[in-house]
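[1] Build me a model from this:
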Amino acid sequence: MGVTPDLSVRLGPLTLRNPVMVASGCCGFGQELAEWMPLSALGAIVVKGTTLRPRRGNPPPRVWETPAGMLNAIGLQNDGVQDLIEHKLPWLREQDVPIIVNIAGETVGEFAELARVLDRAPGVAALELNVSCPNVRAGGMQFGVCTTGVAEVTSAAREATRLPIITKLSPNVTDIVEMARAAVDAGADALSLINTLLGMAIDPETRRPRLANITGGLSGPAVRPVAVRIVWQVARAVRVPIIGLGGISRAEHALEFIIAGASAVCIGTGLFADPRCPIAVVDGLRDYMERHGIERLGDLRGALEAAV
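    Okay, the predicted model is just below:
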């Protein structure tokens, strides 16, 4: 009799039916993605970054395709947390998928207030703290580039909510392991690794930047080796679940992150090329486990073998 793979994973107190999530900012609030696939096929959805008040985001152009990915400088455009609660969450609650809300604040107090407000919102499964967005002038990465900022935001959110907290960290730092330890010590239930790498593109003909913001966040296949390395480093240093993201569009990519130490993965830029790729990743993970006689996905986590 063949193996029946168990793809379920735990992220602190949160249990997912499978490890494949979709990343914040890449599928809005799920309605567009639902035209391509049932959201119930996902482990979870991480909705677009949400702030206390509406934000217009950065001026265009805000996106530029690169040879192996894309640069974006959207700037956390959103309609604010009250709009999320009143207009977005009711529909999402009907989709049979855990809802993780990515929150961003310009101050530590704003992060705490967002956590308090969403603690009372029906249907929210967890919060992801965005201390790593490189495309805003206040908040975002300014908290994520020092251990004090990471700790203050995580601690404030922890005190304000009973929901599981996932701290999303920036790769644009000197020592990512110290940032991870600071988040865990301050109360994070899980970590999300990595947010985008700070990048830039220039039009030689006009000598102007391709993005109105000048710089933007680089995502897609180009960042995957960096992200896998960071997950591997952090997984050896902390004892909380890690969500790996960066250039995932196939099962073999997800397996890299899981073998490096991730409990779950997020797909972001890959959705723009193939909105159905999360289903293919789930199916590919199941097939891999069947071929290798692996019953529990957790048995693969951190299973990196020594180099020959």
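[2] Give me the neighbour count for residue 279.
    When neighbours are counted by other Cβ atoms under 10 Å, residue 279 registers 16. The C-beta positions use only the backbone N, C-alpha and C, and glycine is treated the same way.
[3] now the one 4 residues further on
    Here the number of neighbours of residue 283 (other Cβ under 10 Å) works out to 13.
[4] Would you double-check that it falls in a strand?
    No. Using DSSP: H, G, I helix; E, B strand; the rest coil, the assignment for residue 283 is helix, not a strand.
[5] Distance check, it against residue 14.
    From residue 283 across to residue 14, the span is 23 Å (Cβ to Cβ, to the nearest Å).
[6] Quick check: residue 261 vs residue 62, distance?
    33 Å.
[7] Over to residue 26?
    Taken as Cβ to Cβ, the span from residue 26 to residue 62 is 14 Å.
[8] Likewise for residue 160?
    Residue 160 sits 31 Å away from residue 62, going by Cβ to Cβ.
[9] secondary structure element for residue 192?
    Taking DSSP states H and E as the definition, residue 192 sits inside strand 190-193.
[10] For that strand, which helices and strands make contact with it?
    Contact partners of strand 190-193 among helices and strands, from 3 or more Cβ pairs under 8 Å, 6 or more residues apart in numbering; DSSP states H and E: strand 165-168, helix 176-185, helix 224-235, strand 242-245.
[11] partners of whichever strand or helix holds residue 48 in the sheet?
    Per DSSP H and E: residue 48 is located in strand 44-50. Using DSSP bridges, the strands paired with strand 44-50 in its sheet are strand 20-22 (parallel), strand 99-103 (parallel).
[12] what does the last one contact?
    Applying Cβ atoms under 8 Å, 6 or more residues apart in numbering, the external contacts of strand 99-103 come out as 21, 24-25, 44-51, 81, 84, 89, 92-93, 111, 114-115, 118, 123-130, 157, 166, 168.
[13] Please produce a ChimeraX select command covering the buried subset of these.
    Here is the ChimeraX selection string for the buried members of the contacts of strand 99-103, based on 16 or more other Cβ atoms under 10 Å:
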select :21,24,25,44,45,46,47,48,49,50,51,81,84,89,92,111,114,115,118,124,125,126,127,128,129,130,157,166,168
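[14] Who are the contact partners of the closest residue to residue 255 other than its chain neighbours?
    Using Cβ to Cβ, 6 or more residues apart in numbering and skipping the chain neighbours, the partner closest in space to residue 255 is residue 288 (6.4 Å). Counting by Cβ under 8 Å, 6+ apart, residue 288 touches 251, 255, 294.
[15] nearest to residue 276, of those?
    Top of the list for closeness to residue 276, among these and by Cβ to Cβ, is residue 251 at 13.4 Å.
[16] Run through the stretch 51-200 of the chain and note the low-pLDDT ranges.
    Within the stretch 51-200 of the chain, the stretches falling below the threshold (pLDDT under 70) are 133-142.
[17] what's the answer for the stretch 201-308 of the chain, then?
    Using pLDDT under 70, the stretch 201-308 of the chain drops low at 308.
[18] can you map out the helices along it?
    Counting by DSSP state H, counting those that start in this stretch, the stretch 201-308 of the chain has helices at residues 224-235, 251-260, 270-273, 277-292.
[19] Which stretch among these is buried most, on average?
    Per residue and on average, the most neighbours among the helices of the stretch 201-308 of the chain fall to helix 251-260, with a mean of 22 (mean count of other Cβ atoms under 10 Å).
[20] Restricting to C-alpha, output that one in CSV.
    C-alpha atoms of helix 251-260 as CSV (Å, rounded to 0.1, in the frame of the first residue of the first chain):
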residue,chain,number,x,y,z
ALA,A,251,7.5,22.2,-6.2
GLU,A,252,11.3,21.8,-6.4
HIS,A,253,11.7,25.4,-5.3
ALA,A,254,9.4,24.9,-2.3
LEU,A,255,11.4,21.7,-1.5
GLU,A,256,14.6,23.8,-1.4
PHE,A,257,13.2,26.0,1.3
ILE,A,258,11.7,23.2,3.3
ILE,A,259,14.9,21.1,3.3
ALA,A,260,16.7,24.3,4.3
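[21] Would you mind getting the angle between that helix and helix 224-235?
    Angle between the axes of helix 251-260 and helix 224-235 is 30 degrees (criterion: axes from the mean of the first three to the mean of the last three Cα atoms, to 10 degrees).
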